[in-house]
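Chemist: Predicted model and sequence follow; I will ask about them next.
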Amino acid sequence: MTVDKLDPDLLEGAAAAAEPAHESDSLDAENTLKPEFVRRVRDGLEAGENDAVYGLVEGLHPADIADLFELLDSDERPALAIAISDLMGSEVYAELNDYVREDIVEQLPAETVADIAEQLDTDDAVAMLEDLDEEDQQAVLAEMEPEDRAAIETALSYPEESAGRLMSRDFVAVPEHMTVGDLIDFLRDGRDLANEFWEVFIVDARFHPVGTCALSWILRTPRSIALTDVMQRDQTLIPVTMDQEEVALRFQKYALISAAVVDADGRLVGQITVDDVVHIIQEEAGEDVLLLSGAGEGDINEPIRDSYVARVRWLIANLATALLGATIISSFGGAIEKLVALAALSPMVASIGGNAGTQTMAVAVRALATNQLTRTNTTRILLREFRVAVLNGVTVATLIGVATALVFSNPLLGVVIGTAVVVNIITAGLAGVVVPVTLDRLGQDPAVASSVFVTMITDSMGFFAFLGLAVASGLVG
């Protein structure tokens, strides 16, 4: 059917209906809440004018309401939750930052939390309850309907950050003896079906998935065709205990929209969809960057004490490794006294090596996280980074060697520092690969401690190579 002309009044009405209420008053051009809007909400809360606050917030999208909670101080959030209790639906809780949600949930009655959890998808309900104290968690579960409680308790029994925690139990599965017509009639009947799905899982008598049918195939296939003749038998099955990072890699590698999750016996127990995986990719990417810097989770809503504990331990570790560099410098104290330029130039050698090591380490950690660096190609990657390090070392060494020779009028000093830079950059390049790979082989997260070890190696080698070469070359007699 084609439409030659649309009623302008109809278009105007549809556009008005599609436009979020109060958007111009609350959101700026970057689609973030305006400071003056947040200030009006704060003023309303302080004055106890809950009706006014409700009127301000009523037209916001659930994601914007979640942002509003994050922008308020922790002691203001309960008052806002009370003022807009009718707007605090499952969509808002699903969008909340983990720390903010935990802060709010802890101050709500168990029966209220149970009501909210029952409205959420299983994975979102688990995310809301998993960080509660055991006592509070059990109190909430006790208020829930038996079916919902059983689903959440089962999910909580799986390891954290596993497919079992992530999966949704809302999926469509039908027996393999059906025809396309049978399936269409079943879907139209609509009883107890998932609200959103992109494919139907075909299962055998043991509830093992044997194939999938995309909705587009179903709609375009004659009713008389058997599902076994049209379904795709090759499918990516996700074990319920698989780590969420590996799940994301599977989705990326095979361009999946959704995938079946199976238990240890191969039975279909849930599905994971691409919208869940988008959150994982964002979370894991940010997590690796923060771990490399030793900044912990790096969430601005994280309690100050947790941030302190996460960061200070790595600063103390860096202090310990820095002592090794200081020891090396002190052992060459006599040489430094004879040629003060050594004291001025030593930090440059160590700093250049540290930067080179950080570059290589970032590449290696990312390659490990995305399965690009495996046992099969470790040697090839190591040789590749060695070649890159040699090229970088020669280039930087030439520049710093010539500059040092000219500034200090000492060609031998230029040769020494140039040689030290080459040695340190090559060492940094090798350490940037070897350290993360070794930690990974030992079953440790290579993003957590790699930077500490690589920094220790590059600093120590930088000082030792420069000062040692200065003494060995007779530069300081």
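Modeler: That came through, no problem.

Chemist: Report the buried residues of the helix or strand hosting residue 219.
Modeler: Residue 219 is part of helix 215-220, with elements assigned from DSSP states H and E. Within helix 215-220, the residues scored as buried using 16 or more other C-beta atoms under 10 Å are 217, 218. All C-beta atoms are positioned from the backbone trio N, CA, C, and that covers glycine.

Chemist: check contacts around residue 206.
Modeler: With contact taken as C-beta atoms under 8 Å, 6 or more residues apart in numbering, residue 206 is in contact with 266, 267.

Chemist: which residues touch stretch 222-242?
Modeler: Contacts of stretch 222-242 (C-beta under 8 Å, 6+ apart): 158-159, 162-164, 167, 174, 176-181, 183-184, 202, 209-214, 217-218, 221, 247, 250, 254, 256, 259-264, 266, 269-270, 272.

Chemist: Going toward the C-terminus from the helix holding residue 219, what's the next helix or strand?
Modeler: Next along from helix 215-220, by DSSP H and E: helix 227-230.

Chemist: Quick check: buried residues in that next one?
Modeler: Counting neighbours by 16+ other C-beta under 10 Å, helix 227-230 gives 227, 230 as buried.

Chemist: Same question for stretch 120-133.
Modeler: Result for stretch 120-133 [16+ other C-beta under 10 Å]: buried residues 120, 121, 122, 123, 124, 125, 126, 127, 128, 129, 132.

Chemist: and what of stretch 193-213?
Modeler: Those would be 197, 199, 200, 201, 202, 203, 207, 209, 210, 211, 212, 213, for stretch 193-213 by 16+ other C-beta under 10 Å.

Chemist: Return the residues in contact with the fourth one.
Modeler: In other words, residue 201. Counted by C-beta under 8 Å, 6+ apart, residue 201 has contacts 171, 172, 173, 174, 209, 211, 212, 260, 268, 271.

Chemist: Please indicate which of the residues you listed has the highest neighbour count?
Modeler: residue 271 (25 neighbours; other C-beta atoms under 10 Å).

Chemist: got a pLDDT number for that residue?
Modeler: We have a pLDDT of 91 for residue 271.

Chemist: and the residue lying closest to it once chain neighbours are set aside, which of the three is it?
Modeler: Closest residue in space to residue 271, ignoring its immediate chain neighbours: residue 171 at 4.2 Å, by C-beta to C-beta, 6 or more residues apart in numbering. Following DSSP: H, G, I helix; E, B strand; the rest coil, we place residue 171 in the coil state.

Chemist: so who does residue 171 touch?
Modeler: Residue 171 neighbours (C-beta under 8 Å, 6+ apart): 194, 197, 201, 260, 268, 270, 271.

Chemist: Of the contacts of residue 201, just say which sits nearest to residue 384.
Modeler: Nearest to residue 384 among these, counting by C-beta to C-beta, is residue 260 at 38.0 Å.

Chemist: Ramachandran coordinates for that closest one?
Modeler: phi -80, psi 140 (degrees, to the nearest 10).

Chemist: Quick check: closest non-adjacent residue to it.
Modeler: Using C-beta to C-beta, 6+ apart, the closest residue to residue 260 is residue 209 (4.7 Å).

Chemist: Show me the strands in the chain, by range?
Modeler: Using DSSP state E, the strands of the chain run over 173-175, 199-203, 209-214, 237-239, 258-262, 268-273.

Chemist: just the buried members of the contacts of stretch 222-242?
Modeler: 158, 162-164, 167, 174, 176, 178-180, 183, 202, 209-214, 217-218, 221, 247, 250, 256, 259-263, 269-270, 272.

Chemist: what domains does the record give for this protein?
Modeler: As recorded under automatic domain parsing, the domains making up the chain are 19-159, 173-275, 304-472.

Chemist: and those, which is most packed in?
Modeler: Greatest average neighbour count among those goes to domain 304-472 (a mean of 18), per mean count of other C-beta atoms under 10 Å.
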